[in-house]
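>>> This is a predicted model, with the sequence first.
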Amino acid sequence: MSMDKRSLYDGLNQLEAELQNSLNNLGEMKQSLQEIVEKNTTLELENQRLREHIRELNLVADAPAESAKQELSKSRMNLEKIYEEGFHVCYDLYGSRREHDEPCAFCLEVIYRESGK
């Protein structure tokens with residue numbers, strides 16, 4: 001009977017080690033996914049900024065100032081959407097996830113500041 005208890009104890013120790021290893025792997029995968037999501041968001045934001053910049057350059061060359069002002073509002077609406085999805089749009093934390101969707105005064109400044117400033 002003591003041999004059965006020993007093998008049961010050894011089996012539980014092995015299972016615990018395997019579960020701990022799986023948990024560590026899960027944590028690493030979660031961290032990797034977070035990094036990929038943040039990098040993807042950063043790239044999406046950069047791509048958006050480049051597209052908006054090209055549009056603004058085209059508008060400056062082709063359209064009156066009123067159209068350029070309207071286009072800027074659209075880009076800020078895009079930033080607002082990304083912010084509401086839980087990501088920073090401010091310069092210091094650009095593209096990183098807002099923990100628990102906490103507000104960020106710097107992001108709000110980027111989105112809502114007067115365009116003349």
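On my side now, so go ahead.

>>> And the protein, what are its domain boundaries?
Domain ranges of the chain: 1-63, 69-116, per the TED database.

>>> among the helices and strands of this structure, which has the poorest mean pLDDT?
Every helix and strand of the chain was ranked by mean pLDDT, DSSP states H and E. The lowest is helix 65-84, at a mean of 71.

>>> Would you tell me what the next helix or strand after that helix is?
With elements assigned by DSSP states H and E, the helix or strand that comes after helix 65-84 is helix 105-112.

>>> Any chance you could list what contacts that following helix?
76, 79, 80, 83, 88, 89, 90, 91, 92, 93, 98 (C-beta atoms under 8 Å, 6 or more residues apart in numbering). (C-beta placed from N, C-alpha, C; glycine too.)

>>> I'd like the average pLDDT over that helix.
Averaging pLDDT along helix 105-112 gives 86.

>>> Can you give the distance of it from its chain's centre?
16 Å (C-alpha atoms, centre = their mean, to the nearest Å).

>>> Switch the domains of the chain over to CSV; also include mean neighbour count.
Output for the domains of the chain, formatted as CSV (neighbours: other C-beta atoms under 10 Å):
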stretch, mean neighbour count
domain 1-63, 11
domain 69-116, 14
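
>>> By mean pLDDT, show me the worst of these.
The bottom spot among those, by mean pLDDT, belongs to domain 69-116, with a mean of 81.

>>> if you count residues, which helix in this structure comes out on top?
The longest helix of the chain (DSSP state H) is helix 2-62.

>>> for that helix, packing partners?
If you count contacts as 3 or more C-beta pairs under 8 Å, 6 or more residues apart in numbering; DSSP states H and E, helix 2-62 packs onto helix 65-84.
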